[in-house]
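# Take a look and give me a structure for this.
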Amino acid sequence: VQLVESGGGMVQSGGSLRLSCVASGFTLSHYDMAWVRQGPGKGPEWVSAISPSGGATLYAESVEGRFTISKDDAKDTLYLQMNDLRPEDTALYYCARRAAWAAGVETIRRVYEYDFWGQGTQVTVSS
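Residues are numbered from 1 along each chain as shown. Alright, predicted model coming up:
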């Protein structure tokens with residue numbers, strides 16, 4: 001299993017970025033997938049998740065209405081479109097696969113339920 005993120009960078013407040021995560025070694029359409037971020041000096045923060053079918057998505061309150069998660073199963077790629085970026089969005093962004101034993105939307109925000117993570121891509125937003 002491998003997850004490789006890209007698309008991070010430095011932008012000004014109000015700008016946009018699109019993160020990508022290419023998955024290999026498993027079938028993307030069989031798992032819940034998520035984006036998790038870790039800001040400087042902070043613990044990991046769950047950002048968004050998408051169901052195996054892609055038909056259901058969830059967002060943290062802090063990004064609701066600004067970020068959009070999506071995926072292309074044919075390309076084995078997960079995306080995170082980030083608009084209206086703010087300095088507090090500065091973080092290392094990881095894509096993660098939810099463990100097969102985890103189920104239900106009630107616990108989908110728990111980062112310990114994700115068993116494979118990419119190396120992360122840095123997003124820095126200046127004011």
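
# Just list the residues touching V4, thanks.
C21, V22, S24, G118, Q119 (C-beta atoms under 8 Å, 6 or more residues apart in numbering). In short, each C-beta sits where N, CA and C put it, glycine included.

# Now do the same contact list for the nearest residue to A102 once chain neighbours are set aside.
Distances taken as C-beta to C-beta, 6 or more residues apart in numbering put E113 closest to A102, at 4.0 Å, once the chain neighbours are dropped. The contact partners of E113, taken as C-beta under 8 Å, 6+ apart, are R98, A99, A102, T107.

# close enough to count as contact, L80 and A49?
No. Applying C-beta atoms under 8 Å as the test, L80 and A49 come out as separate, 10.8 Å apart.

# residues shared between the contacts of those two?
W35, I69.

# higher neighbour count, the two?
L80 (27 against 22; other C-beta atoms under 10 Å).

# which residues sit in contact with that one?
R18, L19, C21, W35, V47, S48, F67, T68, I69, Y93, C95.

# So what pairs up with it in the strands?
L19, I69 (DSSP bridges).

# What number of residues are in the vicinity of G43?
7.

# So for H30, what's the nearest residue that isn't a sequence neighbour?
H30's closest residue in space is P52 (C-beta to C-beta, 6+ apart), at 5.7 Å.

# Tell me the bridge partners for the residue nearest to E45 when sequence neighbours are not counted.
Of all residues beyond its chain neighbours, the one nearest E45 is R37 (5.4 Å), with distances taken as C-beta to C-beta, 6+ apart. Judged by DSSP bridges, the bridge partners of R37 are E45, Y93.

# coming back round to it: helix, strand or coil for the residue nearest to H30?
coil (DSSP: H, G, I helix; E, B strand; the rest coil).

# With that, I have no additional questions.
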